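# fold the following.
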Amino acid sequence: MRKIYSIFAAVLFAGSMMAAEAQHFTQTITLNSGTFTAASEDVPAFITWKGGNDKLTIKQLKGKGTSDVNKSYIGAPRAYRGHILSFEAEAGYTIDTVIITCNNNYFGNSMAAGTTIGADTIVPANKTAIDARLNYSSGAKDTLINKTGVSMFFLQNIASASNTQLRFTAVEVRYTKAATLEPSITVGNVSFGTFVPGVSNNTKEFDVIGENLSSAITANLTNGTDFSLSGDLTAAGGKLTVTLNSTTDGDHSDNIQFKVDGTLYAESTVTAHIVNTTGLGTKENPFTVPDVKSLNNTFPGNYWVEGYILGGIKEHQINNSDSTAIALAATIDSPIDTIEVQLPKGDIRNALNGNTSAGKKIKIKGSLESYNSVVGLKTPTDYEFIANPSTAIFNAETTEQKTLKIVENGQLFIIKNGVKYNAQGTIVK
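Sure thing, here's the model as predicted:
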């Protein structure tokens, strides 16, 4: 009798077999999507990521006395003070090594293993942190957690400052499958996440693991229109490459069937959410504001974006007295269709704040992620002004009085009934 298990996609069949030796695997988990679970009664909110052909579960948990885990961390993973990352292998597997790839300069040098887990987390009371060796060096991009043969461990941010954080983009896991008597095929699901034609890589490689099988494994797509497969499998499995062929906007999915001697033993799902954009996110061909809006904080990474600065923004309202953020729009007279751009202290804030740059068109490079709980751009690293006409009229009269918006030498002015005002509402002679 055959049983197909949804988590492992494993197949068991009767027969007396020799025990298979332990197998070792290495897989990279790209954390561009996860599952957010909202707070419920005494359980704080948390995020779950799956990886390693679903062999590893990573959770971000709220530690004692810290802020809640935020839904926006799914697209841009980060762990603030007190937050905990838990790593748990599925039954029959142990974790050997985990390498966390950090983003920019957020190396999390206050992250530590072996600390006490807060009582108000979802970690079971009988689970404790396991000692790990953490390597940090100037300019390093990888944090190595050296583990051998454990099924679960924790990493906690014990920083004193609330804004000290570890930002991470991928996790490489090296794990071991214990020796077994049971013939099996193990596969995982494949997700392209949000895919932008011309920007994203249209191939994904993943492992197929076969044990105690007498014939080679075959893999075929159920539909075969939007995706294609390449790679040769043996009875022990191997690597398959999935190629996304479609460039049509929207959600796409297909099932991959794995067979031995014509009998179906396992299935996995491949998915992609395609968003076609006007720009490509480069300096030469930046994303537009509508591009960023359509990506909706689901396409993490540092990209160039162009648009008009409407002015400083505070609490989602244009407010040029606030210099910490600006509203960026596709046109100078589209205050609704905007994104919010963070301006950290320094040269970029001085150059782009709403007091000095309202009405100017710019290109700006930064991280596409939620800012102030809306579609945004954070931690900009570069910018460039785009030349504007010396004077431009953007919109004409209202129902009660004639109102003009003009830009002169890059500055925004408003003319009401023949009186000229600057962007702050002061009369200009």
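
# quick check: which ranges of the protein have low pLDDT?
1-21, 52-53, 64-65, 102-149, 180-181, 334-336, 387-413, 416-419, 423-425, 429 (pLDDT under 70).

# break it down into its domains, please.
Annotated domains of the chain cover 22-177, 184-274, 289-386, 391-422 [automatic domain parsing].

# what about the longest one, start to end distance?
Looking back up the chat, that one is domain 22-177. One end of domain 22-177 to the other measures 6 Å (CA to CA, to the nearest Å).

# mean neighbour count for the domains of the chain - can I get that in CSV?
Yep, even glycine has a C-beta here, placed from its N, CA and C like the rest. Putting the domains of the chain into CSV (neighbours: other CB atoms under 10 Å) gives the following:
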stretch, mean neighbour count
domain 22-177, 17
domain 184-274, 17
domain 289-386, 19
domain 391-422, 13
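
# dump these into JSON lines; add distance to residue 428 as well.
JSON lines is the format used below for the domains of the chain (distance: least, CB to CB, whole Å):
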{"stretch": "domain 22-177", "distance to residue 428": "40"}
{"stretch": "domain 184-274", "distance to residue 428": "43"}
{"stretch": "domain 289-386", "distance to residue 428": "13"}
{"stretch": "domain 391-422", "distance to residue 428": "5"}
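
# so for residue 283, which of the ones you listed sits nearest?
domain 289-386 (4.9 Å; CB to CB).

# measure residue 357 to residue 307 for me?
12 Å (CB to CB, to the nearest Å).

# if I look at residue 331, how far off is residue 288?
10 Å.

# settle this for me: residue 427 is touching residue 421, isn't it.
Yes - counting by CB atoms under 8 Å, residue 421 is a contact partner of residue 427 at 5.9 Å.

# would you confirm that residue 414 contacts residue 427?
No - counting by CB under 8 Å, residue 414 sits too far from residue 427 to count as a contact (10.5 Å).

# between the two, which contacts overlap?
420-421 (CB atoms under 8 Å, 6 or more residues apart in numbering).

# what lines up beside the helix or strand in which residue 191 is found in the sheet?
Using DSSP states H and E, residue 191 falls within strand 190-195. Sheet partners assigned to strand 190-195 using DSSP bridges are listed as strand 263-274 (parallel).

# hey, C-alpha coordinates of the partner strand in PDB?
Only the C-alpha atoms of strand 263-274 are listed here, as PDB (Å, rounded to 0.1, in the frame of the first residue of the first chain):
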ATOM      1  CA  THR A 263       3.900   5.000 -11.400                       C
ATOM      2  CA  LEU A 264       3.200   8.400  -9.700                       C
ATOM      3  CA  TYR A 265       5.000   8.600  -6.400                       C
ATOM      4  CA  ALA A 266       5.400  12.400  -5.600                       C
ATOM      5  CA  GLU A 267       4.300  15.800  -6.700                       C
ATOM      6  CA  SER A 268       5.500  19.400  -6.100                       C
ATOM      7  CA  THR A 269       4.100  22.800  -7.100                       C
ATOM      8  CA  VAL A 270       5.900  25.600  -9.000                       C
ATOM      9  CA  THR A 271       4.500  29.100  -8.800                       C
ATOM     10  CA  ALA A 272       5.300  32.600 -10.000                       C
ATOM     11  CA  HIS A 273       3.700  36.000  -9.800                       C
ATOM     12  CA  ILE A 274       4.700  38.000 -12.900                       C
END
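
# where exactly do the strands run in the stretch 201-350 of the chain?
Under the criterion DSSP state E, counting those that start in this stretch, the stretch 201-350 of the chain contains strands at 203-211, 217-221, 227-230, 237-244, 250-260, 263-274, 302-314, 317-318, 325-329, 338-342.

# can you put these in CSV and add distance to residue 283?
CSV is the format used below for those (distance: least, CB to CB, whole Å):
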stretch, distance to residue 283
strand 203-211, 26
strand 217-221, 38
strand 227-230, 32
strand 237-244, 26
strand 250-260, 29
strand 263-274, 24
strand 302-314, 5
strand 317-318, 27
strand 325-329, 16
strand 338-342, 16
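
# which of those sits closest to residue 41?
Across those, residue 41 has its closest neighbour in strand 263-274 (32.0 Å, CB to CB).

# show me how far that closest one is from its chain's centre.
Centroid separation for strand 263-274 versus its chain: 22 Å, with CA atoms, centre = their mean, to the nearest Å.

# need the contact list for residue 234.
Counted by CB under 8 Å, 6+ apart, residue 234 has contacts 210, 216-217.

# switch to 6 Å and redo it
Applying CB atoms under 6 Å, 6 or more residues apart in numbering, one finds that residue 234 lies in contact with residue 216.

# cool, and residue 220?
residue 257 are the contacts of residue 220 under CB under 6 Å, 6+ apart.

# quick one: it from residue 319, how far?
For residue 220, the distance to residue 319 - CB to CB - is 58 Å.

# same question for residue 246.
For residue 246, the distance to residue 319 - CB to CB - is 43 Å.

# so what's residue 85 bridging to?
residue 60, residue 155.

# wait, isn't it in contact with residue 153?
No - using CB atoms under 6 Å, residue 85 makes no contact with residue 153, being 9.4 Å away.

# of all the domains of the chain, which lies closest to residue 281?
domain 289-386 (3.3 Å).

# do a quick rundown of the helices in the chain.
289-295, 347-352, 354-357 (DSSP state H).

# pretty sure residue 252 sits against residue 270.
No - using CB under 6 Å, residue 252 is not in contact with residue 270, being 8.5 Å away.

# so who does residue 289 touch?
If you count contacts by CB under 6 Å, 6+ apart, then residue 289 has 307, 328-330, 339 around it.

# try 7 Å this time
Going by CB atoms under 7 Å, 6 or more residues apart in numbering, residue 289 touches 305, 307, 328-330, 337-339.

# pick out the most distant pair among the residues you listed.
Pairwise distances across the contacts of residue 289 peak at 13.5 Å for 305 and 337 (criterion: CB to CB).

# give me the contacts around the strand holding residue 191.
Contacts of strand 190-195 (CB under 7 Å, 6+ apart): 32-33, 204, 206, 242, 244, 268, 270-275, 295, 298-299.

# which members of those residues are the farthest-apart pair?
Top of the distance list for those (CB to CB): 268 and 295, 26.2 Å.
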